[in-house]
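In: Build me a model:
(4 chains)
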Number of protein chains: 2
Amino acid sequence: MINQYKQLCTHISELVHIDNHDEKCISERFDAKELRKKDILLGQGSVSNHMMFISKGCLITYALDNGVERVLQIGIENWWVNDLNSFFTQTASAYSIKAIEESIVFQIQRDELELLFREVPKMERFFRLKIQNAYTAQQARFISNVTETAEERYANFRTKYGMLEQRVPQYMVASYLGITPEFLSTIRKST
Amino acid sequence: MINQYKQLCTHISELVHIDNHDEKCISERFDAKELRKKDILLGQGSVSNHMMFISKGCLITYALDNGVERVLQIGIENWWVNDLNSFFTQTASAYSIKAIEESIVFQIQRDELELLFREVPKMERFFRLKIQNAYTAQQARFISNVTETAEERYANFRTKYGMLEQRVPQYMVASYLGITPEFLSTIRKST
DNA sequence: CGAAAATTTGACATGACTCAACTGGAGTGG
DNA sequence: CCACTCCAGTTGAGTCATGTCAAATTTTCG
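Out: Here you go, the predicted structure:
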């Protein structure tokens, strides 16, 4: 039987070296889950019990604020998604995560992850690096939101994530950029 | 001789359990540095070589954007400061870090930190947790910047970091909140 | 005390939002 | 396969939050 988690192992090996034994340990502890469009992977208010890796498809992380979706992250293949705070402190999630395409995610449960950390200590490092990168990216995004105008941010988004524009409805991109869909529309026209 | 790094060890022990031997390893690898007001600990464009812990005083992390300081973080006793991206990838720092009071920081060099990770693997976990918390805090701050008005953000800042207002000039608080000093001034008046 | 830095004030400008109406697909069911 | 609905996107008018600039005032500190 072939290992459907090869993709995950390849992804991990981009940051830390892992051998066959490690790959086996990793593959054993994850399981796959299929999602249809609009399926909710994690609901705001519930507790996150899994670390989730997108094998295929597209998911968004958002907070509901007075009925308005505030998109925090747009994730595609080879991205991790989660509310880390909820996951690690076992508190109510501040965000929801939902599929906007048919998707497949690989997920690992909390205690399984702890076991994996013992078996393959490099995984601890792997996640530190991942989180670190996410953190610095988030910092950069924060600064750019203060520093740049919406038009500039949209231009940057296109150069960086242009391929996403076909997959994600425009109003979600607007929300991701922190502006209203109407305003994104006028920006697009004027360009 | 007493151990001046006791404060640091106590801080670490809030997240991971460490024994006497661990404390000794930690204390040996850090060293202390005194800073006067306005001293630059890390300059934008240079490479960060240390992980830095504030033992005493107050430092700000900021990016220079067209001559304007954009304050990303305000740190006091028991906070860590750094440009993580610069530190871990050995690239030019996007931020500067400077003391705005007489301060003392405990710092550890990159390779010393790697050695410490080997000696005391829990430190890897400690930093993962730290970075994780910083990341989720940054996410929350991002959302609040999009969701809330400047007045609300200022009110939140006061309840959360009220004690900082005596130590930090108002224009830095304004920058931290992502607004102009003039506007913060009018907010303060109207409240 | 005096100079430089921080804060306040006010007039004016503008980026971005709100609301409401309109357009144009993409299903869906009869 | 048409009619209908629904949702995404567009457009425009009016408004508001926040920025800009410049001057006046207060505070800090050598």
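In: all helices for chain A, in order.
Out: Listed in chain order, the helices of chain A (DSSP state H) span residues A:6-13, A:20-29, A:84-89, A:110-119, A:122-147, A:150-161, A:170-177, A:181-189.
In: Let's have those helices in TSV, adding distance to DNA strand C.
Out: Heads up, the C-betas are built off the backbone N, CA and C, glycines and all. Formatted as TSV, these follow (distance: least, Cβ to the nearest atom of the strand, whole Å):
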stretch	distance to DNA strand C
helix A:6-13	29
helix A:20-29	36
helix A:84-89	26
helix A:110-119	37
helix A:122-147	9
helix A:150-161	4
helix A:170-177	8
helix A:181-189	3
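In: Could you export those helices as CSV, including mean pLDDT and mean neighbour count?
Out: Output for these, formatted as CSV (pLDDT from 0 to 100; neighbours: other Cβ atoms under 10 Å in any protein chain shown):
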stretch, mean pLDDT, mean neighbour count
helix A:6-13, 97, 16
helix A:20-29, 97, 16
helix A:84-89, 96, 19
helix A:110-119, 96, 15
helix A:122-147, 94, 19
helix A:150-161, 96, 15
helix A:170-177, 97, 20
helix A:181-189, 96, 14
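In: Can stretch A:141-153 be said to contact DNA strand D?
Out: No - figure legend: stretch A:141-153 not in contact with DNA strand D (Cβ under 7 Å from any atom of the strand); closest approach 7.6 Å.
In: Next: stretch A:87-101.
Out: No - using Cβ under 7 Å from any atom of the strand, stretch A:87-101 stays clear of DNA strand D, coming no nearer than 9.5 Å.
In: And the spatially most central residue of chain A, how far from residue A:60?
Out: Centroid-nearest residue in chain A, with Cα atoms, centre = their mean: residue A:81, separated by 3.1 Å. Separation of residue A:81 from residue A:60 (Cβ to Cβ, to the nearest Å): 9 Å.
In: Between these two, which contacts overlap?
Out: Here residue A:81 and residue A:60 have A:73, A:75, A:97 as joint contacts, going by Cβ atoms under 8 Å, 6 or more residues apart in numbering or on different chains.
In: If you rank the residues you listed by neighbours, which is first?
Out: residue A:97 (25 neighbours; other Cβ atoms under 10 Å in any protein chain shown).
In: ok, what's across the strand from that residue?
Out: residue A:42, residue A:61 (DSSP bridges).
In: Now do it, the pLDDT please.
Out: Confidence at residue A:97, expressed as pLDDT, is 96.
In: Test my guess that it contacts residue A:81.
Out: Yes - with contact defined as Cβ atoms under 8 Å, residue A:97 reaches residue A:81; the gap is 5.3 Å.
In: which neighbours do those two share?
Out: Common neighbours of residue A:97 and residue A:81 (Cβ under 8 Å, 6+ apart) are A:41, A:42, A:52, A:59, A:61.
In: Quick check: the farthest pair among the residues you listed?
Out: Pairwise distances across these peak at 10.3 Å for A:52 and A:61 (criterion: Cβ to Cβ).
In: Tell me who's in contact with residue A:39.
Out: With Cβ under 8 Å, 6+ apart, residue A:39 has these contacts: A:98, A:99, A:103.
In: Give me the spatial nearest neighbour of the first one, chain neighbours excluded.
Out: Excluding its sequence neighbours, the residue lying closest to residue A:98 (Cβ to Cβ, 6 or more residues apart in numbering or on different chains) is residue A:40, at 4.9 Å.
In: What does the pLDDT read for the one you found?
Out: 94.
In: Kindly report the same for residue A:66.
Out: For residue A:66, the predicted pLDDT is 81.
In: do residue A:1 as well
Out: Per the predicted model, pLDDT is 57 at residue A:1.
In: ok, now residue A:190?
Out: Looking at residue A:190, its pLDDT is 88.
In: got it, and residue A:43?
Out: 95.
In: got the contact list for it?
Out: By Cβ under 8 Å, 6+ apart, the residues touching residue A:43 are A:93, A:96.
In: Please consider this matter closed, and thank you.
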